[in-house]
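Asks: Dropping a prediction and its sequence here:
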Amino acid sequence: MNFAIERGNFQLAGEASSKIKGRLLQLGFPGNLIRRVAIATYEAEMNLVIHSYGGTIEARIEPGKVTITVNDVGPGIPDLDKAMKAGFSTAPEEIREMGFGAGMGLPNMRNCSSEFRIDSVVGKGTTIKMVIS
């Protein structure tokens, strides 16, 4: 399953994670795995909408596991260690006023994943790979 995510499009934000969740339900995946996939994918999707210039989410579904790959074109993350700390956020005030930008996106993605990898190049973008099993 592949999804293009637009910068700033809050109207469609959450659509990719919802469609992936629906497919996993159809396939009979366990509830706990579906919950973790949905949370991790939603957090990634919101990060694309808020922080990037747009990007993609790919979900590869295999027996017993789901691999989510997120690619964006964006500013990149200058300090990954800081960005991975719960509560750290670079979201602007208007995003926080909408209820987003609490600084839990990357920590939630990592916590929901069996395997988590993030690579970022400042000025180019970020790639996240999450395996949830």
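Replies: Ah, there it is.
Asks: Spatially nearest residue to Leu25 (excluding sequence neighbours)?
Replies: Ile34 (6.4 Å; Cβ to Cβ, 6 or more residues apart in numbering). C-beta coordinates here come from the backbone N, C-alpha and C atoms, glycine included.
Asks: before we move on, what SS does the one you found have?
Replies: Here Ile34 takes the helix state, with states given by DSSP: H, G, I helix; E, B strand; the rest coil.
Asks: Report the contact partners of the spatially most central residue of the chain.
Replies: For the chain, the residue nearest the mean C-alpha position is Ala44 (1.2 Å; Cα atoms, centre = their mean). By Cβ atoms under 8 Å, 6 or more residues apart in numbering, the contact set of Ala44 is Ile57, Ile68, Val70, Gly105, Met109, Ile128, Met130.
Asks: Just the element for it, please.
Replies: Assessed by DSSP states H and E, Ala44 sits inside helix 31-51.
Asks: returning to what we had before: ok, now how distant is the residue nearest to the centre of the chain from Leu106?
Replies: 9 Å (Cβ to Cβ, to the nearest Å).
Asks: where exactly do the helices run in the protein?
Replies: Shown for the chain, the helices assigned by DSSP state H span residues 15-27, 31-51, 80-83, 93-97, 105-112.
Asks: Nearest to Gly64, out of those?
Replies: Across the helices of the chain, Gly64 has its closest neighbour in helix 31-51 (8.2 Å, Cβ to Cβ).
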